[in-house]
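# this one's structure only:
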């Protein structure tokens, strides 16, 4: 006979893929006629950008484009040139299971790359694009919270947790025209570009998520007035998006991620035929995971005073959010060149930034890695390039010591730089990090209790026993081992705590 059970739903995000997928890019590029010959490659910059992705069945398909820019010295060696081209990439990633309502976020980065000039007119490139993928599906588990049978004693437990509300993926495009400012000369060609999107503010309301943010644009270009002169322009484009999100309300916790997708910055011609502005198109992907606080009640053990029981259990990981943390991690770094004098910095930027976060012993630790890159002119007027990798650790105290994991998003940018001496440039770097602090608690709970039909009922005679209990012994264990009702032991011995406070005899009277 099956005991009647009462259940309550608990919803959670089940990852069907959480990891990396690597796809190769191999290409040769012949310089068009309008490009000058390559004397020396200074820097090859590859920026993989996601164009689109979708989930069908058990496969996530991703398409993207890699913007490749090779900075080099021309045949005379007195000016920086750029040959630019693109290479498409795609990936078909197998998921753990086929899910109709799975959602995903995908971010692309360069894993490794080699680039060389095989001649003055041809470039050979070999690279690998890493796709960082998180795909989840929202699932519901029915948790046993009560057993209804007067002959069965049950032990319950309740604890605070957070359950999934919704996971939404939203994509949109930003299009704008940016004019040249501060008396900047017209553009001849764009040498290098950076596009990054960030969230400034997000707000949850009834069934909606509002996100305000900015797309930060910067690029280095050669002037049409003097092709040996390089200029830099930076600007921002604000955006606001209202996303329909079922279940959203003001009290929910929102884990929001923003990913910059495929982008384009093209010189724009004015009425007199000069390129005095740029047309910008940026595709943006927003991914939001919503949680709400809940109280979970479970039954973790049971026994019958009448007959043997067959108990079935399940185990699940219950999420608990311990808050969110935002910090700006600042560091001063030194770029030093050997046997050269730094006369002027043409451009300096940060790339390949990566942040690893961990929670341990009430400490939140970030490991921040990035590469600083610099184009400069030395004392003899030669244009040179140098780069250096940096690795820093930052630690802060956690208010909630129960947090065991930090899901972190980040963005690294340069704040300022100065030439410290003839061989050194001092750079101030800021990494903005935002972490969702949480723990995943594995809990075993009862799913069913049925009388073992192959076994005989317990002997039905009344008994009166004296049991000598030790201090700290659990009343539940005593009652279960003697097949007695826990309520009887409490009332007969005037014990109201879960453990025996001191060594003493316990009356056990089976009715």
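In hand now; what should we look at? Computed from a predicted structure; not experimentally measured.

# So residue 311 belongs to a helix, correct?
No. Judged by DSSP: H, G, I helix; E, B strand; the rest coil, residue 311 forms no part of a helix; its state is strand.

# For the spatially closest residue to it that is not a sequence neighbour, grab the count of nearby residues.
Nearest in space to residue 311, with sequence neighbours left out and distances taken as Cβ to Cβ, 6 or more residues apart in numbering, is residue 449 at 5.5 Å. C-beta coordinates here come from the backbone N, C-alpha and C atoms, glycine included. By other Cβ atoms under 10 Å, 24 other residues sit near residue 449.

# likewise residue 370?
If we define neighbours as other Cβ under 10 Å, then residue 370 has 23 of them.

# so it is in which element?
strand 363-378 (DSSP states H and E).

# Pull out the buried positions in that strand.
For strand 363-378, the neighbour count (16 or more other Cβ atoms under 10 Å) marks 364, 366, 368, 370, 372, 373, 374, 375, 376, 377, 378 as buried.

# want to try TSV for those, with distance to residue 475 and pLDDT as columns?
Putting the buried residues of strand 363-378 into TSV (distance: Cβ to Cβ, whole Å; pLDDT from 0 to 100) gives the following:
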residue	distance to residue 475	pLDDT
364	40	96
366	47	97
368	52	97
370	58	96
372	64	97
373	68	96
374	71	96
375	75	95
376	76	94
377	82	93
378	82	92
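
# Please enumerate residues in contact with the following helix or strand past the strand holding residue 370?
Using DSSP H and E, the helix or strand that follows strand 363-378 towards the C-terminus is strand 383-397. Under the contact criterion Cβ atoms under 8 Å, 6 or more residues apart in numbering, strand 383-397 has outside partners 42-43, 71, 73, 77-80, 325, 327, 329, 331, 333, 335, 337, 340, 346, 362-378, 429.

# Just give me how far the helix or strand just after strand 383-397 sits from the chain centre.
Using DSSP H and E, the next helix or strand after strand 383-397 towards the C-terminus is strand 405-421. In terms of Cα atoms, centre = their mean, to the nearest Å, the gap separating the centre of strand 405-421 from the centre of its chain is 18 Å.

# can you offset everything so residue one is 240?
Happy to do that; since the first residue is 240 now, the last one works out to strand 644-660.

# still on that earlier bit, tabulate the buried residues of strand 602-617 in TSV, adding columns for distance to residue 403.
Formatted as TSV, the buried residues of strand 602-617 follow (distance: Cβ to Cβ, whole Å):
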residue	distance to residue 403
603	24
605	26
607	30
609	33
611	40
612	41
613	46
614	47
615	51
616	55
617	57
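
# just those now: which is nearest residue 369?
The nearest member of these to residue 369, counting by Cβ to Cβ, is residue 609 at 16.0 Å.

# which non-adjacent residue is nearest that closest one?
Nearest to residue 609 is residue 592, by Cβ to Cβ, 6+ apart, at 4.0 Å.

# and the one you found, what pLDDT?
pLDDT recorded at residue 592 is 92.

# Can you classify it by secondary structure?
strand.

# Quick check: it touching residue 608?
Yes. The pair residue 592 / residue 608 is scored as a contact, 7.1 Å apart, by Cβ atoms under 8 Å.

# May I have the strands that pair with the longest strand along the chain, each with its orientation?
Longest strand of the chain, by residue count under DSSP state E: strand 514-543. Applying DSSP bridges, strand 514-543 is found paired with strand 391-418 (antiparallel), strand 492-508 (antiparallel).

# Residue 302 is nearest to which of these?
strand 492-508 (9.3 Å).

# From residue 602, how far out is residue 638?
Note on residue 638: its distance to residue 602, by Cβ to Cβ, to the nearest Å, is 12 Å.

# actually residue 663, not the one I typed
Taken as Cβ to Cβ, the span from residue 663 to residue 602 is 33 Å.

# so residue 308 bridges to which residues?
Here residue 308, judged by DSSP bridges, has bridge partners residue 284, residue 323.

# Could you pull up the contacting residues of it?
Residue 308 makes contacts with 283, 284, 285, 321, 322, 323, 430, 431, 432, as judged by Cβ under 8 Å, 6+ apart.

# rerun at 6 Å
284, 321, 323 (Cβ atoms under 6 Å, 6 or more residues apart in numbering).

# Reformat the residues you listed as TSV; add distance to residue 552 and neighbour count.
TSV is the format used below for the contacts of residue 308 (distance: Cβ to Cβ, whole Å; neighbours: other Cβ atoms under 10 Å):
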residue	distance to residue 552	neighbour count
284	55	21
321	64	19
323	60	17
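
# Columns distance to residue 366 and pLDDT on top of the residues you listed, output as JSON lines?
Converted to JSON lines, those look like this (distance: Cβ to Cβ, whole Å; pLDDT from 0 to 100):
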{"residue": "284", "distance to residue 366": "11", "pLDDT": "94"}
{"residue": "321", "distance to residue 366": "17", "pLDDT": "94"}
{"residue": "323", "distance to residue 366": "15", "pLDDT": "93"}
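
# of all these, which comes closest to residue 497?
Closest approach to residue 497 among the contacts of residue 308 (Cβ to Cβ): residue 284, at 22.1 Å.
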